[in-house]
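**Student:** One predicted model, sequence on top.
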Amino acid sequence: MKAQGWQAWYAALVAAAPVVIMALLALFTFWLERQTPAGQPQAAEAAPSAEPDYTVRNFVAKQFNVDGVLSSELQGEVGTHFPDREVLRVTQAKLRSLSDASPPVNARADRLWAWDDGQRFELHGQAEVTQQRDGQVVRMTSQRLVYAQPESRVWTDRAVRVQRGAHQVITARRFEYRTDTGVAQFEGKVRAVWQADAPSKTPPQGAAS
């Protein structure tokens, strides 16, 4: 009878073994999930770096449109690229922008920020933008000028001086200029000066000598 009892207990244990094993696996899986932080990524992406990734000196960079035509040329003493902002900082910069919609735009500044898309330029320190219109040079100077090439727009929120030709000078606190139409808007303490041509010193014909 005792042997039969052991055999019955053993048979019951063997029959219950799969259920016990599955219960233990479920318990282990639950414990493992509790130990792992929810939503933890497999590999964290590298954070953008505020450090420059390259520097060039005494360079000339040219940009072409989809048709292979030159659209802008940028020269500088030192160019430092910041990947986190996708911008190139250039010292002693000179820019020439070409467009079918308007005459060429030339710019220079002590410091220039050029965005990687090649469509926006911000000039600081002795900033100057010039454009030839109707046979006269329009010269814009300020400590900060922003030029957006696709918008054909130059603007600033700093004191600005605009000279058109040799005789017209306008100063203001704020300013916007369209490079495609040549139209300018001034705001804040606008002051305009027109200088007349100096009178000729040649005596009129028939005057007594």
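**Tutor:** Thanks, I have the structure now.

**Student:** secondary structure element for the nearest residue to residue 152 once chain neighbours are set aside?
**Tutor:** Excluding the flanking residues, the one nearest residue 152 by Cβ to Cβ, 6 or more residues apart in numbering is residue 180, at 3.9 Å. All C-beta atoms are positioned from the backbone trio N, CA, C, and that covers glycine. According to DSSP states H and E, residue 180 maps onto no helix or strand at all.

**Student:** isn't residue 180 right next to residue 103, touching?
**Tutor:** No - using Cβ atoms under 8 Å, residue 180 is not in contact with residue 103; the gap is 9.3 Å.

**Student:** Comparing these two, which residue is more hemmed in?
**Tutor:** Set residue 180 next to residue 103 and count neighbours by other Cβ atoms under 10 Å: residue 103 wins out with 15 against 12.

**Student:** Quick check, pLDDT for that one.
**Tutor:** The model reports residue 103 with a pLDDT of 93.

**Student:** cool, and residue 48?
**Tutor:** 53.

**Student:** Helices of the chain, start to end?
**Tutor:** In the chain, the helices defined using DSSP state H lie at 2-35.

**Student:** By mean pLDDT, flag the weakest helix or strand of it.
**Tutor:** For the chain, counting by mean pLDDT, DSSP states H and E, helix 2-35 ranks last in confidence among helices and strands (a mean of 47).

**Student:** and the gap between the residue most central in space within the chain and residue 141?
**Tutor:** With distances taken as Cα atoms, centre = their mean, residue 115 lies nearest the centre of the chain, 3.0 Å away. Counting by Cβ to Cβ, to the nearest Å, the separation of residue 115 from residue 141 is 23 Å.
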